[in-house]
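1. need coordinates for the below:
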Amino acid sequence: MGLKLEPVSALYRQARPTTFDEMVGQEHVKEVLLNALRSGRLAQAYLFSGPRGVGKTSSARLIAQAVNCSQNPKPCGVCEGCRLVREGRHPDVLEIDAASNNSVEDVRDLRERILLAPILGQHKVVILDEAHMMSKSAFNALLKTLEEPPPHVIFIFATTEPERMPPTILSRTQHFRFRRLSEAEIVEKLQRILAGLGRQAEQEALQLVARLADGAMRDAESLLDRLLTLEGPLTLKQTEDALGLPPQEALFAVAEALDKGQIRQALEQAQHLYTQGFAARTLAQGLLEALRAGLYGRMGLGTGPHLNQPEEHIVAAMTALDEALERLVKRSDALSLELALLSAYQALHAAPGASAAPAATPAIPDFDPRPKKVEGRGSRVEGQEKRSIPPSASASSVAELASEWRQVMNALKMTIRGFVREAEPRFEEDKVVLLFPERASFHHQGAQRHLGEIQKAVREVLGVQQVELRLGGKKKLADEPSAPPFSPPGKPTSAEAIRKVAPAVPTAEPTPTAQEHPQPLPPENLPTPFPSHAAPADIPRDEPDPSLLHPPVAGPPEPEPWNPEALLLDETPPEEMSEDTEARPVNQASLLEDPRFQKLVQLFGGRLRKFYRETRPLEIIEEAAGNAEEEPEE
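-> Numbering: from 1, shown residues only. All right, here's what the predicted structure looks like:
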């Protein structure tokens with residue numbers, strides 16, 4: 001049966017398939033849909049996705065024809081129901097452009113329309129073309145209806161961008177992916193159309209149209225519609241002239257001239273084509289296809305120009321032209337075209353050693369993500385002196401350590417990060433120790449609950465397998481000395497004050513056990529330390545020193561904020577620092593005779609004995625207290 005063209009209608013509309021047998025390609029889709037129609041097991045919603053012009057909307061219309069067809073096999077394409085669907089006049093088939101009907105109001109109107117029973121057939125078919133253009137609110141408004149539609153409604157979504165469809169829609173539909181059509185399938189369909197019209201065409205002309213269509217049948221039919229205005233059989237030359245393409249023979253001649261090294265002849269022919277009105281980018285694209293045809297011709301895969309250069313040189317020339325096409329997008333003139341030809345010529349006639357691989361660069365040493373062991377402040381190795389760290393190496397180590405620990409913190413969740421932020425990280429051999437201060441017991445417990453996630457983050461960033469959490473620093477490192485007793489800034493410790501006042505009084509050496517676990521003395525045996533021999537200048541003579549009214553409470557020292565630079569660069573151990581800060585001895589007699597000191601002992605002796613427990617010379621304190629009681633009050 002011949003195809004009769006209507007005066008005001010595009011060829012691709014008249015050439016739409018009326019049955020599944022006329023549908024070109026997409027065999028994986030046709031087989032499933034035909035089996036569902038024969039068994040009566042159609043789904044409630046379908047999603048057709050793929051490139052443009054491959055048959056998505058045509059397949060949706062074929063389903064609408066099949067469910068409203070009155071003959072067998074379905075669809076027949078000739079009955080009243082099939083004809084009305086094909087002409088777009090069937091009352092039970094709603095074809096909606098989702099790009100312009102994408103609001104919640106449109107979905108609400110659609111829901112009201114599908115509630116009505118079918119008029120002519122047994123089903124209502126709703127075809128939503130360009131479905132990805134619907135708004136998020138419209139999709140949400142359609143969810144419930146799509147999940148539980150009326151039994152007589154079938155939804156069909158057609159889209160070129162399925163990734164923009166919400167997952168809630170994808171899970172409620174049967175998804176079919178349409179592929180691009182091959183050149184042979186397109187040529188076959190074009191020949192069938194020409195046969196129905198009583199026209200003829202050369203095979204080369206149809207192959208050129210199929211190649212330009214790039215797998216889209218609608219594009220090929222639109223190009224053929226332009227060529228049907230010509231008289232007589234369609235030839236390759238007529239097709240190139242009608243589509244504005246450079247002659248294939250001229251492009252083959254340019255490719256052969258470049259292959260033979262005739263660069264002058266190649267440039268002249270390209271200039272001649274450019275003056276005829278062909279764009280520089282079109283000529284470069286045609287020359288690339290000519291080299292491709294010549295390469296495939298050498299392999300026996302087609303016909304093309306005769307090329308003698310090695311295959312790797314031809315591929316290099318094709319690569320040079322492909323890179324030139326990107327530059328021609330910004331600047332398409334005669335100079336850019338000559339530059340593209342010269343690049344292809346150099347690639348075709350490159351020296352044998354030019355295509356060799358470049359000299360191998362020095363191998364990059366393996367990177368060990370595990371951080372180097374950082375010794376604690378004041379740590380020493382037995383029998384060896386601690387080596388000083390060069391300033392340059394210390395700065396790089398500090399930057400590397402801080403950067404790696406920031407990566408660990410970023411890898412943790414926000415809640416876990418709040419717990420770990422209170423800890424000071426340390427490295428011990430093959431594990432990471434997080435040291436929490438005494439006041440951060442809550443953070444320590446929270447980190448303990450999420451220890452597995454902390455270990456995972458440390459393992460991924462630092463490569464360390466084990467992480468240990470410690471509270472209050474009671475568990476000292478094996479090579480770390482114990483911290484000196486706490487004293488206010490600028491004031492000596494109680495033990496130092498005793499040595500200054502009474503150096504002749506011997507003090508017992510505490511044992512390691514007593515030093516680690518000091519036992520509190522009874523209140524009546526608590527000694528009272530001596531204050532400093534001179535009061536500050538800004539305190540009146542008759543008033544006590546405010547620093548002695550509220551002395552610091554002895555206990556675990558408050559941990560300082562973690563500073564990696566101080567941790568790595570400080571070389572002075574605590575023992576040496578305490579020795580450097582020891583003051584000069586004072587005169588004991590002048591201190592005992594000072595009335596200000598006697599007044600302070602009388603008023604605050606008990607409180608001083610409560611806080612300064614390390615004071616040893618009790619006889620000196622008692623003598624001072626007795627002298628103060630005998631002296632009359634001022």
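2. for stretch 22-35, what does the pLDDT average out to?
-> Mean pLDDT, stretch 22-35: 93.
3. hmm, who's touching it?
-> Contacts to stretch 22-35, defined as CB atoms under 8 Å, 6 or more residues apart in numbering, come from residues 17, 20, 48, 54-55, 58-59, 62-63, 176, 178-179, 181-182, 185-186, 188-189, 217. All C-beta spots, glycine's among them, are computed from the backbone N, C-alpha and C.
4. go on, stretch 306-326?
-> Residues contacting stretch 306-326 (CB under 8 Å, 6+ apart): 255-256, 258-260, 281, 284-285, 287-288, 291-292, 294-295, 297-298, 336, 339-340, 343-350, 355.
5. filter the residues you listed down to the buried ones.
-> Applying 16 or more other CB atoms under 10 Å to the contacts of stretch 306-326, the neighbour count classes 255-256, 258-260, 281, 284-285, 287-288, 291-292, 294-295, 336, 339-340, 343-345, 347-350 as buried.
6. is there a neighbour count for Gln276? I'd like the number.
-> The number of residues packed near Gln276 is 10, by other CB atoms under 10 Å.
7. what's it in contact with, if anything?
-> Here Gln276 is in contact with Pro246 (CB under 8 Å, 6+ apart).
8. now do it against Gln285, distance only.
-> Gln276 sits 16 Å away from Gln285, going by CB to CB, to the nearest Å.
9. got it, and Leu224?
-> Leu224 is 21 Å from Gln285, by CB to CB.
10. over to Ala66?
-> Counting by CB to CB, the gap from Ala66 to Gln285 is 43 Å.
11. domain map for the chain?
-> 26-180, 246-348, 392-471, 499-630 (automatic domain parsing).
12. would you format these as CSV with distance to Thr235 included?
-> Formatted as CSV, the domains of the chain follow (distance: least, CB to CB, whole Å):
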stretch, distance to Thr235
domain 26-180, 25
domain 246-348, 12
domain 392-471, 66
domain 499-630, 80
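13. quick one: which of those domains is nearest Gly232?
-> Closest to Gly232 of the domains of the chain is domain 246-348 (CB to CB; 19.0 Å).
14. where does the chain have low pLDDT?
-> 1-8, 352-400, 473-592, 604-634 (pLDDT under 70).
15. where do the strands of this structure begin and end?
-> Ranges of strands in the chain, per DSSP state E, are 45-49, 93-97, 124-129, 153-159, 174-177, 424-428, 431-436, 466-471.
16. can you give the contact residues for the third one?
-> What that stands for is strand 124-129. 57, 60-61, 63-64, 67-68, 92-99, 110, 114, 116, 118, 134, 150, 152-158.
17. that one to strand 153-159, inter-axis angle?
-> 10 degrees (axes from the mean of the first three to the mean of the last three CA atoms, to 10 degrees).
18. what of the last one?
-> When the same axes, to 10 degrees is applied, the directions of strand 466-471 and strand 153-159 differ by 100 degrees.
19. list the contacts of Gln69.
-> For the record, residue 69 is Cys, not Gln. Per CB under 8 Å, 6+ apart, neighbours of Cys69: 75-76, 79, 81-82.
20. one more: Ala205?
-> Per CB under 8 Å, 6+ apart, neighbours of Ala205: 227, 234-236, 238-239.
21. right, so of the domains of the chain, which gets closest to Leu197?
-> domain 26-180 (18.9 Å).
22. now the end-to-end length of the closest one.
-> 9 Å (CA to CA, to the nearest Å).
23. before we move on, what about stretch 61-72?
-> 17 Å.
24. give the buried residues for it.
-> Those would be 61-69, for stretch 61-72 by 16+ other CB under 10 Å.
25. now, of the contacts of stretch 22-35, which are buried?
-> Counted by 16+ other CB under 10 Å, the contacts of stretch 22-35 give 17, 20, 48, 54-55, 58-59, 62-63, 176, 178, 181, 185-186, 189, 217 as buried.
26. just those now: which is nearest Lys431?
-> Nearest to Lys431 among those, with distances taken as CB to CB, is Phe176, at 55.6 Å.
27. what about the buried residues of stretch 61-72, which are in helices?
-> 61-67 (DSSP state H).
28. using JSON lines, lay out the residues you listed together with distance to Leu146.
-> As requested, those are exported to JSON lines (distance: CB to CB, whole Å):
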{"residue": "Arg61", "distance to Leu146": "20"}
{"residue": "Leu62", "distance to Leu146": "22"}
{"residue": "Ile63", "distance to Leu146": "17"}
{"residue": "Ala64", "distance to Leu146": "18"}
{"residue": "Gln65", "distance to Leu146": "23"}
{"residue": "Ala66", "distance to Leu146": "21"}
{"residue": "Val67", "distance to Leu146": "18"}
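29. and which of these is nearest Gly302?
-> Leu62 (35.3 Å).
30. burial of Arg449, as a residue count?
-> Around Arg449 there are 10 residues (other CB under 10 Å).
31. and the nearest residue to Tyr46 once chain neighbours are set aside, how many residues sit next to it?
-> Of all residues not flanking Tyr46 in the chain, Ile156 sits nearest, at 4.8 Å (CB to CB, 6 or more residues apart in numbering). Applying other CB under 10 Å, we find 25 residues neighbouring Ile156.
32. Leu325 now?
-> Counted with other CB under 10 Å, Leu325 comes out at 15.
33. what does the one 4 residues further on give?
-> Using other CB under 10 Å, Val329 has 8 neighbouring residues.
34. for Ser9, find the nearest of the domains of the chain.
-> Comparing the domains of the chain by CB to CB, domain 26-180 comes nearest, at 11.2 Å.
35. in stretch 85-101, what counts as buried?
-> Buried residues in stretch 85-101 (16+ other CB under 10 Å): 85-86, 90, 92-96, 98, 101.
36. ok, those vs Pro305, which is closest?
-> Closest to Pro305, out of all of the buried residues of stretch 85-101 and judged by CB to CB, is Arg86, at 46.6 Å.
37. that closest one: what's it in contact with?
-> Taking CB under 8 Å, 6+ apart, one finds 16, 18, 61, 65, 77 in contact with Arg86.
38. any chance of a markdown table for those residues, columns distance to Val467?
-> Below are the contacts of Arg86 laid out as a markdown table (distance: CB to CB, whole Å):
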| residue | distance to Val467 |
| --- | --- |
| Arg16 | 67 |
| Thr18 | 71 |
| Arg61 | 64 |
| Gln65 | 67 |
| Gly77 | 72 |
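39. pick out the most distant pair among the buried ones among the contacts of stretch 22-35.
-> Among the buried ones among the contacts of stretch 22-35, Ile63 and Ile186 lie farthest apart (CB to CB), at 23.6 Å.
40. Ala201 is nearest to which of the domains of the chain?
-> Here domain 246-348 is closest among the domains of the chain (CB to CB), at 15.9 Å.
41. got the end-to-end distance for the closest one?
-> 23 Å.
42. how much space between Leu62 and Ser171?
-> For Leu62, the distance to Ser171 (CB to CB) stands at 25 Å.
43. no, scratch that, I was asking about Pro118
-> 27 Å.
44. looking at these two, which one has more neighbours?
-> Pro118 (18 against 9).
45. give me phi/psi at that one?
-> Dihedral angles of Pro118 (phi, psi; degrees, to the nearest 10) stand at phi -60, psi 150.
46. hmm, it is touching Ile154, no?
-> No. Applying CB atoms under 8 Å as the test, Pro118 and Ile154 come out as separate, 10.8 Å apart.
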